[in-house]
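>>> Have a look; sequence and predicted model below, questions after that.
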Amino acid sequence: MQTSTLIMIVLALTVGAYVLGRQRSVHLAQPLGGIKRLHSLPNYYGLMAAVWTGIPALVVLTIWSAFESSVITGTVLASLPASYADLSEARVGLVLSQIQNIGLGTIDGSELPDLAQAGELLASLNASSQFGKIALTIVIAILGGGYAWLRTSPALRARPQFELVLKGFFLLCSTIAIFTTIGIILSVLFESIRFFQSVPVFDFVFGTKWSPQIAIRADQVGSSGAFGAIPLFVGTLLIAAIALLVAVPLGLMSAVYLSEYANSRVRSVVKPLLEVLAGIPTVVYGFFAALTMAPLVRDFFQGIGMDGVSAESALAAGLVMGIMIIPFVSSLSDDVINAVPNSLRDGSYGLGATKSETIRQVVFPAALPGIMGGVLLAASRAIGETMIVVMAAGLAANLTVNPLQAVTTVTVQIATLLVGDQEFDSPKTLAAFALGLMLFITTLLLNIVAMSIVKRFREQYD
Amino acid sequence: MTDQPLNAIERMATVKQERMNARLKQRYNRERRFKAYGIASISAGLAFLAVLLVTIFSAGIPAFQSTFIQLDVTYDPDALYIDDASDPEQLRFADFDNAVRQSLLARFPDVTGRNETRALMSLISTASGYTIRDRLTENPDLLGQSETLWLMADDDLDLVLNGTIDRTLPESERRVSDLELTWIDDWDASGELDRRFNTTFFTRGDSRDPETAGVWGAVVGSFYTLVVTLALSFPIGVAAAIYLEEFAPKNRLTEIIEVNINNLAAVPSIVFGLLGLAVFINFFGLPRSAPVVGGLVLTLMTLPTIIISARASIRAVPPSIRDAAMGLGASKMQVTLHHVLPLALPGMLTGTIIGMAQALGETAPLLMIGMVAFIVDIPQGFTDAATVLPVQVYIWSDSPERAFIAKTSAAIMVLLGFLALMNLLAVLLRRKFERRW
């Protein structure tokens, strides 16, 4: 029986428990003078019965399913004779699949008596685990339902109890954010630690040569396996800097015009149009950058007589990325400009300043912390952006700040290292997680700083 | 005598006035320039948007048409090497490409030699053999007879007809040789070429041949992925928002949750891909490339967006509603579920649709969990290997064939179409249910 069928059975039992619990409360109330004698409405008695039937059973089922395979595998491996005791990770997988195949009867196990025995054990464990899971789940569901049945009485405070359960569920849902963060940290941290066991941290953070191909044969050419991440950091910062050079002036001036000069009709048309830029998927920008912008940039600079302009220049990717984050900068600046109190503006006008003088000398200084926060958030977005650089920037890890050359970024390397076949014991795959850790830490710090600046700025004028 | 100093003062006043006027003019000019910068930045943004859309749409429109060639196909048992068309075993080994080759040679009798024959075959889609096979499988009686069929042309022929391949270039720089051009012109002149709406593009999965590649597989993959995302992120997001807005006490845990949600909203999407790879695929052993894993990853990614917008719409419900319900004796939970939630729901739905639109356009985390695979079949369920629209765009943009540029642009048009629909829905919902208290 599939787990999904089992879940369906539990759900059916739950619905049944709801109906029975509801009926029972009505039935119990009848001799006392109707349901007005119940503490709660009959529905809540039904719901409590459903909670008792469904939740313990589903919790048990989840725990059983989560540990089923590892417990069985552990038992089977422990049952093997001592000659199998110290196998490498890859060999263990191989032996296990052999055992599985023997257990299923697809391989003849007569030549490998140890494994054949283990295969039998595996098959019997699987069968008993399957039976145990089904039996235990259904028994717990019925026991829970029975308990709810016995508990149901007119004095039972069914509604407060049910509301407590619901509140617990709401709390659980809101803690998913914490679990996600923990999950991210653990998943990148563990693999990064494994990576740093083979490549020293110092070589990774301060090395200037990046060439993640590991030689399969000793005499292979061009596969040195160097993991110095400096070229990636420089490339990332170069592209992000170009993007910010485009996005900050354009976004800021758009925000100023829209919030200070434009009338409400212009604003109601232009603002959504600018936000369309933020709604376009990044893969579309990447396609545009690679197909249209990159040749344009190359032709332009070759036209004014410059040599060595790469077809995958940092400039093309940076320009397109900058345009992508214009609405991001402009909507954040818009918020902070609007948060500057009008009394400051009126004071400035009263002294005879023009509108632009007021904006430049009064509104900007007042809004500066908020704008800085917005710029930092935009920077974190530019650093973490993947698709534009994957499609328009190169793979060559050049250590250069020349925007006309091809550079590569942290995100490009993560994507290229992890797309395709992976082996989780080679430094090449693990390097992606180390880069992911760097990326996560950098953007996290940027975000925390930016958000605290923005928050303090908001409080200043509230 | 008194004239003299007065004149001096007057002169000074005039000079000052002139200086003031000049300065005022300068200041007003600066004002105009500043305003012009604002207009210029907005125009730059909008101009870029226009250029982007025009470039992609003009590149994509040719992909909605495909060319068909009229051919007299003879189901010759000798050419197919079979004698009974109702026997599936024989049909499996029959040489349908040979039948296509024979009918092409019959159309151009002066073609001889291997190279010329191969060039002629290259003008017709490699899928033609399958078309003939399907035709014969349905009507086994056709064996030994001949009929006129419209067969799909190769993508190169498409490119010649829509002008992407420049005929004026010298032959060595062109993908299509002079000889092939004469055949194409011959077909064209006698009306044996027909340009039709490309239904293949909307009904098939991926393919290595541009003329038989379609987006339907990716659309279905996107659909399954989004169903998983919606089914998980909407209830969880709404529940979390209700807790944080209505029930959460002001304590350390609440603070940690809020900081986490705000941070997750700004974590790069590729990091969520790393999480999905390490946790869902390596730790829990879920299948690679499956919509269910993609949906889980996108759920975690869109949850912060949904929670933040849901909280905003709960906050927009005025406290008087809560007080009134409370005054009538409702419990806190009843107030929330019976009164606040229904009023906040339209706003929550709007936020969720926008979150879904974001999830639909997301590519990077799905690359990490292996949804970037070459998948011909239309996925049938949540655990089948699948790809999604933006990833399909990425895969095609990497293909060397020239015709894939049009296909990529067309796939982007489909993607943008879905996004526009979702955003339109969100706007309409907001218009219909927006309430000022």
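In hand now; what should we look at? Numbers count the residues shown, from 1 in each chain, chains lettered A, B, ... in the order given.

>>> Now do the longest helix along chain B: distance to the chain's middle.
Longest helix in chain B by number of residues (criterion: DSSP state H): helix B:3-60. Counting by C-alpha atoms, centre = their mean, to the nearest Å, helix B:3-60 is centred 43 Å from the centre of its parent chain.

>>> Near chain B, which residues of the stretch 51-200 of chain A are found?
Selection of the stretch 51-200 of chain A residues close to chain B by C-beta under 8 Å from any C-beta of the partner chain yields A:69, A:159-160, A:163, A:166-167, A:169-171, A:173-178, A:180-181, A:183-184, A:187-188, A:190-191. Every residue, glycine included, has its C-beta placed from N, CA and C.

>>> Kindly supply the ChimeraX command isolating those of these that are buried.
Applying 16 or more other C-beta atoms under 10 Å in any protein chain shown to those, the buried members can be selected in ChimeraX as follows:
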select /A:159,163,166,167,169,170,171,173,174,175,176,177,178,180,181,183,184,187,188,191
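
>>> close enough to count as contact, A:Met438 and A:Ala229?
Yes. Using C-beta atoms under 8 Å, A:Met438 is in contact with A:Ala229, at 7.1 Å.

>>> Looking at the two, which is more packed in?
In this view A:Met438 and A:Ala229 are compared by other C-beta atoms under 10 Å in any protein chain shown, and A:Ala229 has more residues nearby, 24 against 20.

>>> which residues do A:Met438 and A:Ala229 both contact?
Taking C-beta atoms under 8 Å, 6 or more residues apart in numbering or on different chains as the contact rule, A:Met438 and A:Ala229 both touch A:Val410.

>>> Just the buried positions in stretch B:362-375, please.
Residues B:362-372, B:375 are the ones in stretch B:362-375 that count as buried (16+ other C-beta under 10 Å).

>>> Just give the nearest non-adjacent residue to the residue of the stretch 351-462 of chain A found nearest chain B, would you?
Per C-beta to the nearest C-beta, A:Gly384 is where the stretch 351-462 of chain A lies closest to chain B, at 2.5 Å. Closest residue in space to A:Gly384, ignoring its immediate chain neighbours: B:Pro268 at 2.5 Å, by C-beta to C-beta, 6 or more residues apart in numbering or on different chains.

>>> what's that neighbour in contact with, if anything?
So B:Pro268 contacts A:380-381, A:383-386, A:411, A:439-440, A:443, B:364 (C-beta under 8 Å, 6+ apart).

>>> Among these, which are located in helices?
Per DSSP H, those map to helices at A:380-381, A:383-384, A:411, A:439-440, A:443, B:364.

>>> Can you pick out the most distant pair from those?
Largest separation among those by C-beta to C-beta: A:Ser380 and B:Ala364, giving 15.1 Å.

>>> A:Pro38 against A:Tyr45, yeah?
That one is not Pro; residue A:38 is Leu. Yes. With contact defined as C-beta under 8 Å, A:Leu38 counts as touching A:Tyr45 (7.4 Å).

>>> Looking at those two, which one has more neighbours?
Shown here are A:Leu38 and A:Tyr45; by other C-beta under 10 Å, A:Tyr45 has more neighbours (33 against 22).

>>> Where does the more buried one fall, secondary structure wise?
helix A:42-79 (DSSP states H and E).

>>> on contacts alone, who are the packing partners of that helix?
Packing partners of helix A:42-79 (3 or more C-beta pairs under 8 Å, 6 or more residues apart in numbering or on different chains; DSSP states H and E): helix A:3-29, helix A:89-104, helix A:113-151, helix A:158-174.

>>> switch to 7 Å and redo it
When contacts are defined as 3 or more C-beta pairs under 7 Å, 6 or more residues apart in numbering or on different chains; DSSP states H and E, helix A:42-79 sits against helix A:3-29, helix A:113-151, helix A:158-174.

>>> List phi and psi for the residue nearest to A:Gly384.
Note on B:Pro268: its backbone torsions stand at phi -60, psi 140 [degrees, to the nearest 10].

>>> Can you give me the distance of it to A:Phe328?
Distance from B:Pro268 to A:Phe328, counting by C-beta to C-beta, to the nearest Å: 14 Å.

>>> so where's the stretch 101-250 of chain B uncertain?
The stretch 101-250 of chain B contains no residues with pLDDT under 70.

>>> now the helices for it?
Counting by DSSP state H, counting those that start in this stretch, the segments of the stretch 101-250 of chain B that form helices are B:114-121, B:128-138, B:155-161, B:178-189, B:200-203, B:216-242.

>>> Mind listing what's buried along the last one?
I take that to be helix B:216-242. B:216-226, B:228-230, B:232-234, B:236-242.

>>> Next one: B:Ile23 from A:Gly352, what distance?
One thing to correct before we go on: residue B:23 is Arg, not Ile. 12 Å.

>>> can you narrow the buried residues of stretch B:362-375 to ones near chain A?
Near chain A, judged by C-beta under 7 Å from any C-beta of the partner chain, the entries from the buried residues of stretch B:362-375 are B:363-364, B:367-368, B:372.

>>> Domain map for chain B?
Chain B breaks down into these domains under automatic domain parsing: B:3-61, B:64-209, B:216-433.

>>> The last one spans what distance, first to last residue?
End-to-end distance of domain B:216-433 (C-alpha to C-alpha, to the nearest Å): 34 Å.

>>> picking up where we left off before, next, format the helices and strands packed on helix A:42-79 as a markdown table and append mean pLDDT.
Formatted as a markdown table, the helices and strands packed on helix A:42-79 follow (pLDDT from 0 to 100):
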| stretch | mean pLDDT |
| --- | --- |
| helix A:3-29 | 90 |
| helix A:113-151 | 86 |
| helix A:158-174 | 93 |
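
>>> For those, give me a markdown table that also has distance to B:Thr117.
Conversion of the helices and strands packed on helix A:42-79 to a markdown table gives the following (distance: least, C-beta to C-beta, whole Å):
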| stretch | distance to B:Thr117 |
| --- | --- |
| helix A:3-29 | 55 |
| helix A:113-151 | 56 |
| helix A:158-174 | 66 |
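
>>> could you list every residue that touches the residue lying closest to B:Val376 once chain neighbours are set aside?
Once flanking residues are discounted, B:Val376 sits nearest to B:Gly205: 4.8 Å by C-beta to C-beta, 6+ apart. Taking C-beta atoms under 7 Å, 6 or more residues apart in numbering or on different chains, we find B:Gly205 in contact with B:214, B:216-217, B:375-378.

>>> Double-check that B:Val297 belongs to a strand.
No. Per DSSP: H, G, I helix; E, B strand; the rest coil, B:Val297 lies outside any strand segment and is helix.

>>> how far away is it from chain A?
Going from B:Val297 to chain A by C-beta to the nearest C-beta, to the nearest Å gives 10 Å.

>>> Return only those of the buried residues of helix B:216-242 found close to chain A.
Within the buried residues of helix B:216-242, those near chain A by C-beta under 7 Å from any C-beta are B:236, B:239-240, B:242.

>>> excluding its backbone neighbours, what's nearest the residue in the stretch 1-150 of chain B positioned nearest to chain A?
Chain A sits closest to B:Gly38 of the stretch 1-150 of chain B, with a gap of 2.8 Å, by C-beta to the nearest C-beta. Leaving out its chain neighbours, the residue that sits closest to B:Gly38 by C-beta to C-beta, 6+ apart is A:Tyr257, at 2.8 Å.

>>> Much appreciated, bye for now.
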